[in-house]
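Visitor: next comes the sequence, and after it the predicted model I'd like to discuss.
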Amino acid sequence: MRRLLVGSVAVSALALAGTAHASGECGSTSAGWNAPNGAVVFDRSFGPIRDVLDAIGEYRTHSMLSHGPGSTVSHATMANPTQEPWPGVCTKPISGFDLRYGYPGLEQINQGGIYMSLYGKGGPEWTGWQQGDPAQAALIGDSIWYNHSYVSDKSRFDTGQYLDRPVRNGARVNYSLFQYRHLETANQIPGNASNNGMVCSTFMAYAHNYAGRGVVTPHTYSHAQIANASNSLYTGIYNECKSSLGWFVDAALTVACPTYNVCGNAGNQVANCMSANMCDSSDGRYWKSVRDDPNATATSISPDRIGGWGVHPISNTVWGPDYTHQLQWNSGGNVYGCWQ
């Protein structure tokens, strides 16, 4: 029988106090969320993904698979990438490895872990959940939790805590920014994708299919939409870098590299990664060649498509026909955990 994250968490003084580590990676919640087993939980938060989705007219920025009220959650996410060491940081500010193989990627964590992931360094602007047919949704939650192969990793911030990492093609699943440009066959069984990667919503599509609930079809975004998204992503990264926000909190890169356009290099690097999977390069010609190619499009599955919002059909997933319920943290328990 697989290890149950919720049941095996040791109650510590930190958990009893209901407080959290200042780092925002580990901590506890005094109550669990109310999302039923198999429900998809959405949020809208700030950051590079929001810049992209706002630019194409979509709202939700993250999606997660609940395994029940106060229980565990499966999702794909990415921690802040690290910087390149001096002096290369001036020309290539962000670790290309971290951008291409986003950590932790696909993971299964407890309520303390997901609470810190959402609220440890701020909090989302909006949250909600959709379930659809309860029996069909529960099949999705149970299939990923009980049937899928996984490995366990120690937390980078508390070695006494473990993160379960579902595996695909015999390897841990990374968070791949290129999924926003092309999901390839990440939504199919067996399926595959560059960097053995998924993002939150392509994982949800995979889980839907893995449970036998059907293939979640992707959406193709027009050239005008992806051109707008590319510009928005570059500008968002550039502004965060200049302001030492987001991925660049306390980085002070403009001070360390006064004769370089370090924030422009950072913007180029992230835009290259998402548009062309060229995560090691800060040469802006790569993403601009995609932006300026009138035949270039993007084919992917977004959180809005998972939920059947906007232009996306409600019949594409089990969850789509449901309305959005308010996410509340009101189930019992005081659980300590980590999300990376």
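Guide: Thanks, I have the structure now. Residues are numbered from 1 along each chain as shown.
Visitor: how many neighbours does residue 190 have?
Guide: Residue 190 has 8 neighbouring residues, counting by other C-beta atoms under 10 Å. (Glycine included, C-beta is placed from N, CA and C.)
Visitor: let me know the outermost residue of the chain.
Guide: residue 259 (34.1 Å; C-alpha atoms, centre = their mean).
Visitor: mind checking how far that residue is from residue 283?
Guide: Note on residue 259: its distance to residue 283, by C-beta to C-beta, to the nearest Å, is 18 Å.
Visitor: what ranges does the stretch 101-250 of the chain have for its helices?
Guide: 111-119, 134-142, 200-210, 223-243 (DSSP state H, counting those that start in this stretch).
Visitor: flag the shaky bits of the stretch 201-340 of the chain, pLDDT-wise.
Guide: 250-254 (pLDDT under 70).
Visitor: give me that answer again for 90
Guide: 242-259, 331-334 (pLDDT under 90).
Visitor: please enumerate the strands of it.
Guide: 219-221, 298-300, 329-331, 335-338 (DSSP state E, counting those that start in this stretch).
Visitor: packed most tightly, which of those would that be?
Guide: strand 335-338 (a mean of 28; mean count of other C-beta atoms under 10 Å).
Visitor: strand partners (parallel or antiparallel) of that one?
Guide: Its sheet considered, strand 335-338 pairs with strand 26-29 (antiparallel) by DSSP bridges.
Visitor: name the helices or strands packed onto the very next helix or strand once past the partner strand?
Guide: Of the helices and strands lying after strand 26-29 in sequence (DSSP states H and E), the nearest is strand 32-33. Using 3 or more C-beta pairs under 8 Å, 6 or more residues apart in numbering; DSSP states H and E, the elements in contact with strand 32-33 are helix 111-119, strand 329-331.
Visitor: mean pLDDT lowest where, among the ones you listed?
Guide: Ranked by mean pLDDT, the helices and strands packed on strand 32-33 end with strand 329-331 at the bottom, a mean of 89.
Visitor: how about residues contacting that strand?
Guide: The contact list for strand 329-331, computed with C-beta atoms under 8 Å, 6 or more residues apart in numbering, reads 29, 31, 32, 33, 34, 69, 70, 115.
Visitor: quick one on the thing from earlier: identify whichever of the strands of the stretch 201-340 of the chain lies nearest to residue 165.
Guide: strand 335-338 (12.9 Å; C-beta to C-beta).
Visitor: ok now the closest one, how far from the chain's centre?
Guide: Its chain's C-alpha centre and that of strand 335-338 lie 19 Å apart, by C-alpha atoms, centre = their mean, to the nearest Å.
Visitor: again with stretch 305-318
Guide: 19 Å.
Visitor: residues of it that come out buried?
Guide: By neighbour count on 16 or more other C-beta atoms under 10 Å, the buried set for stretch 305-318 is 305, 306, 307, 308, 309, 312, 316, 317, 318.
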